[in-house]
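Student: model this:
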Amino acid sequence: MNVEQAVLERVLPSEEDETRLRAAVSSVFDILSKNIRRLGLKADPVLVGSVAVGAHTKNPDVDVFVQFPPETSRENLEKYGLQLGQFLKDKKRMYAEHPYTRGSYKGFEFEIVPCYKVVSPDQKMSAVDRTPHHAKYILGRIKPEQRDEVRLLKTFMKGVGVYGAEAKIQGFSGYLAVLLVLKYGSFRQTLEAVTRWQAGNVIALDMLPTRIFDEPLIVVDPVDGGRNVASAVSKEQMAVMIHAAMEYIKKPGIEFFFPPPPPKVSKTKMLSLLKERGTHLMVLAMRAPKVVDDVLFPQVRKALKSFEEMFARHGFFLMNSDFDVMRDSVIFMFEFETFELPRMKKHGGPPAWVKNATDFVNKWRGARETFGPPYIEDGQWFVNVRRGPLTAGQLVTAKLKELSLGKDLDSSARRSLRVHVDEKAFKPSYMYPLRNMMERSFPWER
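Tutor: Numbering: from 1, shown residues only. This is a model prediction of the structure:
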């Protein structure tokens, strides 16, 4: 049995799984239809996603869209769309362009999403209106044997850590995985094509782009030429996918689909690693704002960049940086090549022949924060001055209010930010994220 056959044995739904799934979907449609009639609505539930096209794995999430007539107001679409999802257990209100409901029913996770019923995607009134057209497009083109190829590709993407178009992951959606198989033919042929990808490549199926895209990977939506299906894919995740495809083709292994769990990490081992590297660690921890992931993660990435730029401006050079979002906290992790600076720094002024050169000299001559008077070097005025914050930790404390971290993180940081340096950074809950930042191994290499 080869690797791919072994993977399919693990992910293919059994006959019993399929029976259970069909019963749950049928029951959900009955409930929705009954509630639509009870509320006097003109709406139709429609199955979309991997279950609709028959390319799902065991215990899939099930996507059900409820199509409302175009004349429905946005207020009523949202109001009744949420009401129709109230029968789900452990339900949560989720957000895309408008709110929808996610919850469980008969052992499966369901999403009940309201949308407008449009004849063509170019008539869409909300971003999700094209999704039923996606399912229709795939059903009209996918070959029976390609369903297993999609299963393999999605499992591979999950295993190497690039599956999911949400802001948390910035990776490949399920719809994108299906389109790649339709484009290239099979799982293996898709990986072969991936190894030849370059940033800015345009991949098209039945429709050419109707506008210019600037994302790293461009896959034109075959039902809407103005949309890039791969718009969520970051440059980093695209690069990981290319590397994983190359490595798998070179030496296939089950670990690409089902990576081993991370090894145990001890404080002693991490301290030894830090000492060996001769670097310094700093963790900035704050309470996580109570906002949805699609709002939180862009702010976290913006905040990380703000911290990185601040350290660079002040001469604290980084080796590595990363972040992690836990249940109730956000942490920013930094490994420094330069963590502490000398008290004195050289401050440059204008050339000696410039009109305002005397202003520079008068400002700094005799100033308390200098180490000696201004001097000329290669025709330019300089003065040696006392530095402000001497460590990266002191810099964070001194400059925090000047940074723009994002609306919700700004507020959280000013109320709850904590700075942990070196040994104090190795709190039990920080161990795995810190190890991942410092060692940077891929999931299949563990």
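
Student: Show the end-to-end separation of stretch 46-66, please.
Tutor: End-to-end distance for stretch 46-66: 6 Å, by C-alpha to C-alpha, to the nearest Å.

Student: And that stretch, what's buried?
Tutor: Buried residues in stretch 46-66, defined by neighbour count with 16 or more other C-beta atoms under 10 Å: 46-53, 55-57, 60, 62-66. C-beta coordinates here come from the backbone N, C-alpha and C atoms, glycine included.

Student: Ok, stretch 343-362 next?
Tutor: 347, 349, 357, 360-361.

Student: tell me the two of these that are most distant?
Tutor: 347 and 357 (14.2 Å; C-beta to C-beta).

Student: Just list whatever residues bridge to residue 318.
Tutor: Going by DSSP bridges, residue 318 is paired in beta bridges with residue 336.

Student: who's in contact with it?
Tutor: Applying C-beta atoms under 8 Å, 6 or more residues apart in numbering, we find residue 318 in contact with 308, 311-312, 334-337.

Student: So among the residues you listed, which ones count as buried?
Tutor: 311, 334-336.

Student: Please identify which pair of these lies farthest apart.
Tutor: 311 and 335 (11.3 Å).

Student: Mind putting the buried ones among the contacts of residue 318 into a markdown table with pLDDT?
Tutor: Converted to a markdown table, the buried ones among the contacts of residue 318 look like this (pLDDT from 0 to 100):
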| residue | pLDDT |
| --- | --- |
| 311 | 96 |
| 334 | 98 |
| 335 | 97 |
| 336 | 97 |
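
Student: ok, so of these, who is nearest residue 257?
Tutor: Closest approach to residue 257 among the buried ones among the contacts of residue 318 (C-beta to C-beta): residue 335, at 30.9 Å.

Student: ok, that closest one - contacts?
Tutor: Contacts of residue 335 (C-beta under 8 Å, 6+ apart): 277, 279-281, 318-321, 437-438.

Student: coming back round to it: okay, the contacts of residue 318 in CSV with distance to residue 132 next?
Tutor: Formatted as CSV, these follow (distance: C-beta to C-beta, whole Å):
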residue, distance to residue 132
308, 42
311, 48
312, 48
334, 46
335, 47
336, 51
337, 52
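
Student: Max pairwise distance over those residues: which two?
Tutor: Pairwise across the contacts of residue 318, and taking C-beta to C-beta, the largest span is found between 312 and 335, at 14.3 Å.

Student: Now residue 141: closest residue in space, sequence neighbours ignored.
Tutor: residue 182 (5.8 Å; C-beta to C-beta, 6 or more residues apart in numbering).

Student: is it true that that neighbour touches residue 134?
Tutor: No - between residue 182 and residue 134 there is no contact under C-beta atoms under 8 Å: 11.4 Å.

Student: check contacts around the residue positioned nearest the centre of the chain.
Tutor: The residue lying closest to the centre of the chain (C-alpha atoms, centre = their mean) is residue 169, at 2.6 Å. Applying C-beta under 8 Å, 6+ apart to residue 169 gives the contacts 161-163, 237.

Student: swap the cut-off to 10 Å and go again
Tutor: Residues in contact with residue 169 (C-beta atoms under 10 Å, 6 or more residues apart in numbering) are 161-163, 232-234, 237, 293, 297.

Student: For residue 88, grab the count of nearby residues.
Tutor: 19 (other C-beta atoms under 10 Å).

Student: Quick check: nearest residue in space to it, chain neighbours excluded?
Tutor: Leaving aside its chain neighbours, residue 88 sits nearest to residue 103 (2.8 Å; criterion: C-beta to C-beta, 6+ apart).

Student: So which elements touch whichever strand or helix holds that neighbour?
Tutor: Assigned by DSSP states H and E, residue 103 falls within strand 99-105. Counting contacts by 3 or more C-beta pairs under 10 Å, 6 or more residues apart in numbering; DSSP states H and E, strand 99-105 packs against helix 15-38, strand 61-68, helix 74-83, strand 89-95, strand 108-116.

Student: For residue 74, see how far away residue 50 is.
Tutor: 28 Å (C-beta to C-beta, to the nearest Å).
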